[in-house]
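J.: Sequence and predicted structure are below.
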Amino acid sequence: AKVLAGKRVAFIAPAGKAVDVFEMPDNRLKCPHFYKLILASNGCFYQCDWCYLKLTYRSVRPFISIRTQYDKIKKQIKDELDKSTQSIIFNSGELADSLAMDHLTQAGREFIPWFGQTENGYLFMLTKSDNVGDILGLNHNGHTVVAWSMNEPSVSRLFEIGAPTFEKRLEAARKVQEAGYPVRVRLDPIVPFKGWQKEYATTISKIFQKITPERITIGTLRFEKGFYNLRNSIFTSGSMLPNILASMG
């Protein structure tokens, strides 16, 4: 309850340490190398039932923190770019939805053209939002990748509480691809309900009818130990996910 209440509270924060290397301590999971660009912490007002932010911010700072002082954040990014001759990806969607609050923060207007002027910097925006109006006309120069987390429509309605529908996300992805952005799709997690193979195949077909993603990532249903220990109280959508967890046990 504390976390859900916190999703209605925004805290305006200084820049702090907004750039950090992503590290995955669990060697069972394979993740690409990137930097976290922390423009917001716990920065999503959706209530997806499997979101690990429910655990991360359950007791400490259970509210949305929006970082300002964009000039200082850009300096932190530039410092990392100046150290490398290789391309570096900065992911703004690790601790936040990259676009859900963009109409308020205007982070897209600030950072997308800025990354477009760099030689080796790339912005990665991961989102479930259809809030794309402010970024369509920006000069991205191919240096911003927008990736949509999507799911089979009935699964999305059940568990991605408060997030735009699959259809709205797909239409937003179409608009962004037409604006020339590289677009990716993340089907994550795949939920093994009865008949899931057929329904996910239909979902994938619908995606390719609208857009041509440069990459599709598929993820499994998974939970950290702490999340699993709270499985009887942390979900708001009913018993389906706990039952699936028990069968995976």
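T.: Right, received. Where do you want to start? Please read all numbers here as calculations on a predicted model, not as lab measurements.
J.: got the buried residues for the longest helix seen in the chain?
T.: Taking DSSP state H as the criterion, the chain has its longest helix at helix 196-210. Judged by neighbour count using 16 or more other CB atoms under 10 Å, the buried positions of helix 196-210 are Glu199, Tyr200, Thr203, Ile204, Lys206, Ile207. For glycine as for every other residue, the C-beta is placed from the backbone atoms N, C-alpha and C.
J.: Leaving out the residues flanking it, which one is nearest to the second one?
T.: Read it as Tyr200. Glu152 (5.4 Å; CB to CB, 6 or more residues apart in numbering).
J.: quick one: contacts for that neighbour?
T.: Neighbour list for Glu152: Phe166, Val191, Trp196, Glu199, Tyr200, Thr202, Thr203 [criterion: CB atoms under 8 Å, 6 or more residues apart in numbering].
J.: where in this protein is pLDDT low?
T.: The chain contains residues with pLDDT under 70 at 1-3, 22-32, 58-59, 248-249.
J.: what about the helices in it?
T.: Per DSSP H, the chain carries helices over the ranges 2-6, 53-56, 70-82, 102-105, 107-116, 153-159, 166-178, 196-210, 225-229, 240-248.
J.: Tell me which of those helices lies nearest to His33.
T.: Closest approach to His33 among those is made by helix 70-82 (12.6 Å; CB to CB).
J.: Tabulate the contacts of Glu152 in CSV, adding columns for distance to Arg222.
T.: Listed next are the contacts of Glu152 as CSV, based on distance: CB to CB, whole Å:
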residue, distance to Arg222
Phe166, 21
Val191, 11
Trp196, 16
Glu199, 20
Tyr200, 17
Thr202, 24
Thr203, 20
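J.: okay but Ile64 is in contact with Gly43, surely?
T.: Yes. Under the contact definition of CB atoms under 8 Å, Ile64 touches Gly43, with a separation of 5.3 Å.
J.: shared neighbours of those two, anything?
T.: Common contacts of Ile64 and Gly43 (CB under 8 Å, 6+ apart): Met101.
J.: Show me which positions of stretch 130-142 end up buried.
T.: So for stretch 130-142, counting by 16+ other CB under 10 Å, buried means Asp130, Asn131, Val132, Asp134, Ile135, Leu138, His140.
J.: circling back: could you measure the residue nearest to Tyr200 against His33, distance?
T.: 30 Å (CB to CB, to the nearest Å).
J.: got it, and Cys44?
T.: Distance, Cys44 to His33, using CB to CB: 24 Å.
J.: Output the helices of the chain as a markdown table; include the columns distance to Ala13.
T.: Below are the helices of the chain laid out as a markdown table (distance: least, CB to CB, whole Å):
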| stretch | distance to Ala13 |
| --- | --- |
| helix 2-6 | 14 |
| helix 53-56 | 16 |
| helix 70-82 | 11 |
| helix 102-105 | 12 |
| helix 107-116 | 13 |
| helix 153-159 | 29 |
| helix 166-178 | 27 |
| helix 196-210 | 36 |
| helix 225-229 | 25 |
| helix 240-248 | 32 |
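J.: I'd like to know which of the ones you listed lies nearest to Lys17.
T.: helix 70-82 (7.5 Å).
J.: Figure out how far that closest one is from the centre of its chain.
T.: Remark: helix 70-82 is offset 22 Å from the chain centroid, using CA atoms, centre = their mean, to the nearest Å.
J.: in that helix, what counts as buried?
T.: Under the neighbour-count criterion of 16+ other CB under 10 Å, helix 70-82 has Tyr70, Ile73, Lys74, Gln76, Ile77, Glu80, Leu81 buried.
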